[in-house]
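> this is a predicted model, with the sequence first.
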Amino acid sequence: MALPLAFFGVFFAYPVAAIVSRGLKADGHWQFGRIGEVVTDPATAHVLWFTIWQAAASTALTLALALPGAYVFARYDFPGKSLLRAVVTVPFVLPTVVAGSAFLALLGRGGLLDELWGVRLDTTVWAILLAHVFFNYAVVVRTVGGLWAQLDPRQEEAARVLGAGRFAAWRRVTLPALAPAVAAAALMVFLFTFTSFGTVQILGGPRYATLEVEIYQQTAELLDLPTAAVLTLVQFAAVAVLLLVHARTVRRREATLRLVDARRTARRPRGAAQWTLLAAVLAAVVLLILLPLVVLVLRSFDGPDGYGTVFYRALASAGDNGGTFVVAPLEAIGNSVSYALAATAIAVVVGGLAAAALTRREGVLVRGFDALLMLPLGTSAVTVGFGFLIALDEPPLDLRTSWILVPLAQALVGVPFVVRTMLPVLRAVDPRLREAAAVLGASPLRAWREVDLPMVGRALAVSAGFAFAVSLGEFGATVFIARPDRPTLPVAVARLLGRPGELNYGQAMALSTVLMLVCAVALLVLERVRTDRTGEF
């Protein structure tokens, strides 16, 4: 636990504490009265209410649309299932600015709905809710579907034999077993939508602001650090409660169920009802996930003189973006890949050690450590990025001009994915194998290398792939610390979307398409490597 604790202490807790203290201190004295002023401000209450309301609505809508998909992926076997599973996961690892670009091309001015029916949904709450479903569909499918596939169907069949109807058997046998997984998925979706930034910033317009958007505006636009610090504390407290509840539901799921091999429970659909359900789920995937991505690709080729590659060609020149960059936008691809590779290496080392520690020990301290590892997913990335600039500015940690600053921020987001992917596999390793190796004279390091590592090798590769994909798309912290001459893909897309003109918009669509394709290829590779269906991601 030493290295992960040191990593999170130096590169997470210290920067967050630094920016909060900077905001709440004046002339060397704490200004705690500022907390009451901000918390009781009607504007803060309005932002907090909208943050909670849209997160709850997004969670309910995501569960309603994704639970049938979780059942189909768990119980049905059909051609292209692995490919479709990868497709529904692509939005989850895309940066929010890319998803915002896709829905802007679909729902915004001149978008598909506007051209066909004259309907615009951008700057409305419906655009935000649909984009959140687009993002979090995979969370429900993987979390609930992964467990559903391993539930023994014979238990429900036994209830049917004893006289229960189909719905009664499902309600009294399957639903209680699934409840912890559904609760875990709902909490994760609520967490991700509660801290939503890029989606609300792009699609919500000036009328809507979550806590995360308000923190960004107070920090970067109004330079009001005291207000931003108080809002950060409010968000931090809410997220901490959510993560503690989430950790409890995950432990319940892991401790109370006896599971079977998922390959024994899936079968081809039979009967009109099952084929109709499969068709309905496929239609939902096409409309909610594939359609925005297809429209994004089409917009990237829709130039002023018809379809072509004019926007892609413009990416190669720094002079074709109206002064938005000091380098060609195309260089952002190489920057993003190099940063993501470095972040992946850091995340695998830190997350692997953390997962091993969680596997070997129990207790309150370890449960708190588990919740700590998830905190970066729910803490304001804006706060972390700005905290990096404030805290890491003096020797021996003067990293403001160092390239490693961006991978460090990205690794904070990648570590939770490494832990959640590796932990179920590590817990599945029979401890008697390690004990037998020790009896035969193997040191702990050799036992890990020759017993654990061969069994968790594929999970390690999958976790590295997820860390790479989410690092590639990290935006909230990177937008503060990426150098102007070395922008990442998400930062480049946001800058292009923030400037007027058809050329800037088209280049943003082109860069978003490139990033989407890179993430899709990475996930397709992961689906071929992955053999287990445990874990949350």
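Everything's here; your move.
> contacting residues around Ile128?
Ile128 makes contact with 54, 58, 196, 199-200, 203-204, 208 under the criterion C-beta atoms under 8 Å, 6 or more residues apart in numbering. (C-beta placed from N, C-alpha, C; glycine too.)
> packing partners for the helix or strand hosting Leu3?
Using DSSP states H and E, Leu3 falls within helix 2-8. Helices and strands touching helix 2-8, by 3 or more C-beta pairs under 8 Å, 6 or more residues apart in numbering; DSSP states H and E, are helix 331-360, helix 364-378, helix 405-428.
> ok and the helix or strand following the last one relative to helix 331-360, angle-wise?
Scanning forward in sequence from helix 405-428 by DSSP H and E, the next helix or strand is helix 431-439. Following axes from the mean of the first three to the mean of the last three C-alpha atoms, to 10 degrees, one obtains 80 degrees for the angle between helix 431-439 and helix 331-360.
> what comes up buried for the helix or strand that helix 431-439 is followed by?
Using DSSP H and E, the helix or strand that follows helix 431-439 towards the C-terminus is helix 444-447. Under the neighbour-count criterion of 16 or more other C-beta atoms under 10 Å, helix 444-447 has Ala447 buried.
> just the CA coordinates of helix 444-447, formatted as CSV?
C-alpha atoms of helix 444-447 as CSV (Å, rounded to 0.1, in the frame of the first residue of the first chain):
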residue,chain,number,x,y,z
PRO,A,444,6.9,-13.9,-1.9
LEU,A,445,8.2,-12.1,-5.0
ARG,A,446,8.9,-15.4,-6.8
ALA,A,447,5.4,-16.8,-5.8
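> that one: how far from the chain's middle?
34 Å (C-alpha atoms, centre = their mean, to the nearest Å).
> cool, and stretch 134-152?
Chain-centre distance of stretch 134-152: 15 Å, with C-alpha atoms, centre = their mean.
> so how far does stretch 116-131 reach from one end to the other?
20 Å (C-alpha to C-alpha, to the nearest Å).
> go on, stretch 282-300?
Terminal residues of stretch 282-300 lie 26 Å apart, using C-alpha to C-alpha.
> cool, stretch 426-444 as well?
End-to-end distance for stretch 426-444, by C-alpha to C-alpha: 15 Å.
> that stretch: which residues count as buried?
426, 434, 437, 442.
> how near is the nearest residue to the third one once chain neighbours are set aside to Leu296?
Spatial nearest neighbour of Ala437, chain neighbours left out: Ala447 (4.2 Å); criterion: C-beta to C-beta, 6 or more residues apart in numbering. The spacing between Ala447 and Leu296, counted by C-beta to C-beta, to the nearest Å, is 49 Å.
> just checking, Val144 touches Ala70?
Yes. With contact defined as C-beta atoms under 8 Å, Val144 and Ala70 form a contacting pair (4.2 Å).
> what residues does Leu392 make contact with?
Residues near Leu392 by C-beta under 8 Å, 6+ apart: 15, 398-400, 405.
> name the SS class of the closest residue to Phe311 other than its chain neighbours, please.
Nearest residue to Phe311 in three dimensions, chain neighbours excluded: Gly506, at 3.6 Å (C-beta to C-beta, 6+ apart). Classification of Gly506 using DSSP: H, G, I helix; E, B strand; the rest coil returns helix.
> contact partners for Gly506?
Counting by C-beta under 8 Å, 6+ apart, Gly506 touches 299-300, 302-303, 310-311, 314.
> before we move on, back to that, need the buried residues of stretch 426-444 in CSV (columns: pLDDT and distance to Ala467).
Below are these laid out as CSV (pLDDT from 0 to 100; distance: C-beta to C-beta, whole Å):
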residue, pLDDT, distance to Ala467
Leu426, 76, 16
Arg434, 80, 26
Ala437, 89, 29
Ala442, 87, 29
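> okay, Arg258: pLDDT?
Arg258 carries a pLDDT score of 54 in this model.
> ditto for the one 5 residues further on
Confidence at Arg263, expressed as pLDDT, is 62.
> then Val415?
90.
> got it, and Gly204?
Looking at Gly204, its pLDDT is 76.
> that one against Leu129, yeah?
No. Counting by C-beta under 8 Å, Leu129 is not a contact partner of Gly204; they are 10.6 Å apart.
> of those two, who's got more company?
When neighbours are counted by other C-beta atoms under 10 Å, Gly204 and Leu129 differ, and Gly204 comes out ahead with 23 against 20.
> mind picking the two most distant members of the buried residues of stretch 426-444?
Considering C-beta to C-beta, no two members of the buried residues of stretch 426-444 lie farther apart than Leu426 and Ala442, which are separated by 17.7 Å.
> tell me which element Thr513 falls in.
Counting by DSSP H and E, Thr513 is part of helix 502-529.
> measure the residue nearest to Phe311 to Ala159 for me?
Here the criterion is C-beta to C-beta. By it, Gly506 lies 57 Å from Ala159.
> ok, Pro416 next?
In this structure, Pro416 and Ala159 are 37 Å apart, going by C-beta to C-beta.
> avg pLDDT for stretch 185-193?
For stretch 185-193, the mean per-residue pLDDT is 85.
> thinking again about what came up before, in helices, which of the contacts of Ile128 appear?
Using DSSP state H, 54, 58, 199-200, 203 are the members of the contacts of Ile128 that sit in helices.
> just checking, Leu515 touches Ala492?
No. Leu515 is beyond contact range of Ala492, at 9.3 Å (criterion: C-beta under 8 Å).
> what's the closest of the contacts of Gly506 to Gly108?
Distance to Gly108, by C-beta to C-beta, is smallest for Arg299 among the contacts of Gly506, at 10.1 Å.
> residue contacts, Pro407?
Contacts for Pro407 (C-beta under 8 Å, 6+ apart) come out as 339-340, 342-343, 346, 471.
> again, 7 Å this time
Counting by C-beta atoms under 7 Å, 6 or more residues apart in numbering, Pro407 touches 339, 342-343, 346.
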